[in-house]
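Asker: quick check, what structure comes out for this input:
(4 chains)
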Number of protein chains: 2
Amino acid sequence: MTRTLPTLEDVARASGVSTATVSRALNAPKRVRPETLARITAAVEKLGYTPHFGGRALASNRTFTIGAVIPTMENAIFARGLQALQEQLSAHGVTLLVATSNYDPDEEAAQVTALLGRGVDGMVLIGEARDPATYLLLERRGVPFVLVWSWRPDCPWPCVGFDNAVAAREIAQEVLDLGHRDIAMIAGITHGNDRAAARVAGVRQALTDRGLTLPPDRLIESEYSLDAGVSAATRLLALTPRPSVILCGNDVLAAGAYSAIRQAGLSIPDDISVTGFDDIDLAQVLDPGLTTVHVPHRRMGETAARLLLDLERGAPVTRNIALRTGIVRRGSLAAPPA
Amino acid sequence: MTRTLPTLEDVARASGVSTATVSRALNAPKRVRPETLARITAAVEKLGYTPHFGGRALASNRTFTIGAVIPTMENAIFARGLQALQEQLSAHGVTLLVATSNYDPDEEAAQVTALLGRGVDGMVLIGEARDPATYLLLERRGVPFVLVWSWRPDCPWPCVGFDNAVAAREIAQEVLDLGHRDIAMIAGITHGNDRAAARVAGVRQALTDRGLTLPPDRLIESEYSLDAGVSAATRLLALTPRPSVILCGNDVLAAGAYSAIRQAGLSIPDDISVTGFDDIDLAQVLDPGLTTVHVPHRRMGETAARLLLDLERGAPVTRNIALRTGIVRRGSLAAPPA
DNA sequence: CGGATCAATGCAAGCGCTTACATTCTACCT
DNA sequence: AGGTAGAATGTAAGCGCTTGCATTGATCCG
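Answerer: Model prediction:
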């Protein structure tokens, strides 16, 4: 069954050269004479030779693999960023290894260790908040890494992302400008999640700037899932006075809010406004369209890939890349009811 | 920088045994005396030892990795199945390597080769339709694989999925039972995609059973994306007589249809009905809720993982596992307008 | 108490590849 | 023609781990 595969040596024999030359032909073609190269290529073709990954990893101490640990694949937001990351890496012969942490810091640490064990040459991590031990581990190993989705001017590690607090503040300001005063928010779980925390902080900031506050009963932290969004929104709708707008930590939560609102027999935006964060496809499918913060996921993934690749070959790089977000105005946000 | 990592030998020295014993302690703990084991474990801990992946792969000719090639991560449907697959594999110490083909058969073949090159111990592939050469390659290498998302009684390869044609036929029958006669369909691209093709075939079957047909202008094949769904639906709405229902090849297309319909100033289901396929979260967020075919994605992923694991250790297995789908009735399907 | 049996461990040969260093060719110059 | 630099290639030493086989040490039986 497992007919033994052709090895470098087989190729060498078949093309009448040494294994060293074959290896060079494969890894640095300009270093072998064209005719030799041709002979080797032919032999490779004929034998159907593929380099043995383990052998290569062992000898070169490189795996041409980079690892990413994301919270979950089930959120379109990460899927899209990953897809871009992967495309970019593939183009450079690098494979992407994806692990998920389910938003659990300990689980994330475990996955980082696992990936390191597999000898990844680099790593992509979401956000900045994590156990210092993890950063230490990464540095000890000398494995380059880049943080995505988060950004702040003085982030000590290479990162490509955006300022979640600023983005959240901007959309909150827009809400305030429309005259809303009874404001509520459904945030993600902030523990161990700097993005979620920054979004709350941004909203708070906008309120404070106008002398307002976000009372505890008007801020619900919720798992990033549709069902959780529905129940959080349901609770908020029961409040007196009823909020005139619900700011959501991401679009999925906003979709949940839509369900709850519809179920309560209310209408968006006449009775109540809703905003999201991320601008996934879902946002334009909802009726009315969701006013949300647009995040350039794909660009983030691509940029991260390039940065990591540069980091790996020791190229001089800008280690701290900020991307712009923007507000996408659709129908879900309007002035509060009179 | 890249401080050299501790090796098996370091552990052996630190615990006063041979590397062979350490290796056994790690891979088959019951084969070493408890006290020895304890000493080794302590040394491992103290040195922070992690097995070197390449070395292990080289010596054992196994990578504890299985590969999956999916069309795209951006469709929630695959994301969910993958997540389940991964969780199940992780629990058995196996890592999942994901590659994407973007629904392109050639690209898929290339990705399979790439994964094989990385020495995956097994593979998960979506659907059955692909170049025979790919199957040949897999068999030559003796790499076990399982097909997911597709199923038919006499599929020659291990598979876990459902009968797409039957599922599509069932929902089409339901549509017909409600009295619809002006039927249109937005299908996925059927070339190289047996699931999409089977869904069309199923719908056709249902129509034929009642002496009806699906005229060419009422069947549009479309990329599985929101925008493509919108434009396909727009074209269908312009037909005379206007279809009373649009059957969609998946939920994303259905969401696109919603947009187009809303934009045309029509209402679902009063003016026109819509059905989907997959039952992703989106289906319940749409307003009205989308009547669709529920596919047990998570279970499919889990089952595939188990099957693959069994296949790998040569356990006797049922190679051909059918999962049940069902129709989820929400508000998007009603009798045609009078 | 000698020997057989079996569990625990050690020995050492690779697994397929890369790469520093040594060797051989091939212009090209004087 | 002799010499030399530089390109092309070969030699061989590992990279860290697993595993078949050999060895040792206990245990148990007659």
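
Asker: which residues of chain A lie near DNA strand C?
Answerer: Residues of chain A lying close to DNA strand C (CB under 7 Å from any atom of the strand) are A:4-5, A:7-9, A:19-20, A:23-24, A:26-27, A:49, A:51-52, A:54-56, A:58-60. Backbone N, C-alpha and C define where each C-beta goes, glycine included.

Asker: now the buried members of these.
Answerer: A:5, A:7-8, A:23-24, A:26, A:49, A:51-52, A:54-56, A:58 (16 or more other CB atoms under 10 Å in any protein chain shown).

Asker: what's around A:Ala264, how many residues?
Answerer: A:Ala264: 15 surrounding residues under other CB atoms under 10 Å in any protein chain shown.

Asker: return the residues in contact with it.
Answerer: A:234, A:237 (CB atoms under 8 Å, 6 or more residues apart in numbering or on different chains).

Asker: swap in 7 Å and give it another go.
Answerer: A:Leu237 (CB atoms under 7 Å, 6 or more residues apart in numbering or on different chains).

Asker: likewise A:Arg329?
Answerer: So A:Arg329 contacts A:Thr291 (CB under 7 Å, 6+ apart).

Asker: quick one: it and chain B, what's the gap?
Answerer: Counting by CB to the nearest CB, to the nearest Å, the gap from A:Arg329 to chain B is 17 Å.

Asker: same deal with A:Leu115?
Answerer: For A:Leu115, the distance to chain B - CB to the nearest CB - is 9 Å.

Asker: how many neighbours does whichever residue of the stretch 201-338 of chain A sits closest to DNA strand D have?
Answerer: Nearest residue of the stretch 201-338 of chain A to DNA strand D (CB to the nearest atom of the strand) works out as A:Glu312 at 19.4 Å. Counted with other CB under 10 Å, the neighbours of A:Glu312 add up to 16.

Asker: can you report phi and psi for it?
Answerer: When read as degrees, to the nearest 10, the backbone of A:Glu312 gives phi -60, psi -40.

Asker: also near DNA strand D: which of the residues of chain A next to DNA strand C, exactly?
Answerer: Restricting the residues of chain A next to DNA strand C to those near DNA strand D - CB under 7 Å from any atom of the strand - leaves A:19-20, A:24, A:55, A:58-59.

Asker: ok, which pair from these is furthest apart?
Answerer: Farthest pair in those (CB to CB) is A:Arg24 and A:Leu58. Separation: 18.0 Å.

Asker: just to revisit the earlier point, between the buried ones among the residues of chain A next to DNA strand C, which is closest to DNA strand D?
Answerer: So of those, ranked by how close each gets to DNA strand D (CB to the nearest atom of the strand), first place is A:Leu58, at 3.8 Å.

Asker: I'd say that closest one and B:Arg56 touch.
Answerer: No - contact criterion CB atoms under 7 Å: A:Leu58 and B:Arg56 do not qualify, at 9.2 Å.

Asker: so which strand or helix has the residue nearest to the spatial centre of chain A?
Answerer: Geometric centre of chain A, nearest residue: A:Phe78, 4.5 Å, by CA atoms, centre = their mean. For A:Phe78, the enclosing helix or strand under DSSP states H and E is helix A:76-90.

Asker: give me the next element, helix or strand, following that helix.
Answerer: strand A:95-100.
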